[in-house]
Structures are given as structure tokens and as C-alpha cells.
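In: Next one to model:
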Amino acid sequence: MSIEIERKFLVKNDDWKKDNTRGLWCCQSYIVEDASSLIRVRIVGERGFLTIKKRGDGLSRYEYEYEIPLPDAREMLNRICLLPVIEKTRYEVLYGGILWEIDVFEGRNRGLTVAEIELQDEREEITKPPWLGMEVTDDPRYLNINLAKHPYQLWSWTD
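Out: Okay, the predicted model is just below:
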């Protein structure tokens, strides 16, 4: 069984970027989504993935991810996914010996940059980089599924 424990933060500036920081373009959408689970199709660079997630307790979720042929991923995104595609560039940044994934959103979510960290334990202490902003782990607006339904550029700042 695969369990994902993840925390999510806004990124307040570009200080995380290094001269040689290169990201991978990603796009993703969803085949199925309900109150407790989802099935996602994602393309990262030139690789396709099918992911199944189910909510667990606290920060934990059950996650199963499988690589699929790139042509199949493209066809699924174009023919069977339910929601608009989310586009972003994902960067991996090492800070304090911990790998952070930084997503710089494009398209209808342009202007949003989010950092994620995967933990081994929900109580794990982390050293926060100075470029991190507010934690949004518990704010459902920042879940990718919700960004597909209600893109960042359409938010009113009273949401």
C-alpha cells in the first residue's frame, strides 16, 4: 500500500530559483472524482501516468501511480477526462537536505506558485525555506482538482 503525506505552501518570491534550475512541463486532468477519491491522468515531460488517490486520515492519502504509454495519456486527456487540463511547470529544489516540488502554474491558473513537500510521518518537523509563504495544506482551493474546477485567475479575493 502506498501512502502519501504531503504539505503544501504558497511561494512568496523567486529566491528558490537557481541559475541552472530546470523544470518539467506537466499537464493533468481527472477521469473520476468524488468526495473521497479520484483518478488522474498526468503527463510529465515525455512520460504519462495514471494515478488513483483516496483520502485517508489527516494529511495522509492512499496513492497508487502507474506509468502508462504517452500516446494513451494524451488520448485520455483529450477524450475522457472530465475537467479542463491543468498546466504547470514542476521544479525540484533541494533545501536543507529535503526535496521540494515547486509548481508554477500556467493557463487559467497563471500567477499561482505552490511548493509541496512529501513527508515520512505527519508529525515530521521541517525547516522552512525563506521563500515559503503561507501554508495551504488544509485549504481545499489549492487542491489541483479544485484548481481545475475553479481556476486561480477567476478567484475573487473575498473567496
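In: next one: phi and psi at the residue most central in space within the chain?
Out: Nearest residue to the geometric centre of the chain (CA atoms, centre = their mean): residue 144, 5.9 Å. Here is the backbone geometry of residue 144 (degrees, to the nearest 10): phi -60, psi -40.
In: who touches it in this structure?
Out: By CB atoms under 8 Å, 6 or more residues apart in numbering, residue 144 lies in contact with 28, 40, 86. Heads up, the C-betas are built off the backbone N, CA and C, glycines and all.
In: Likewise for residue 27?
Out: Here residue 27 is in contact with 42-43, 77, 85-88 (CB under 8 Å, 6+ apart).
In: do residue 21 as well
Out: Taking CB under 8 Å, 6+ apart as the test, what residue 21 contacts is 91, 93.
In: distance of it from residue 107?
Out: Per CB to CB, to the nearest Å, residue 21 is found 21 Å from residue 107.
In: Strands - which of the contacts of residue 27 land there?
Out: 42-43, 86-88 (DSSP state E).
In: Could you dump those residues into TSV and include neighbour count and pLDDT?
Out: Below are the ones in strands among the contacts of residue 27 laid out as TSV (neighbours: other CB atoms under 10 Å; pLDDT from 0 to 100):
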residue	neighbour count	pLDDT
42	23	97
43	22	98
86	23	96
87	16	97
88	25	98
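In: wait, which of the residues you listed is closest to residue 118?
Out: The closest of these to residue 118 turns out to be residue 42 (CB to CB; 15.8 Å).
In: can you pull the contacts of the closest one?
Out: 26-28, 48-49, 51, 73.
In: Return the closest of those residues with respect to residue 12.
Out: Taking CB to CB as the measure, residue 12 lies nearest residue 26 of those, at 22.0 Å.
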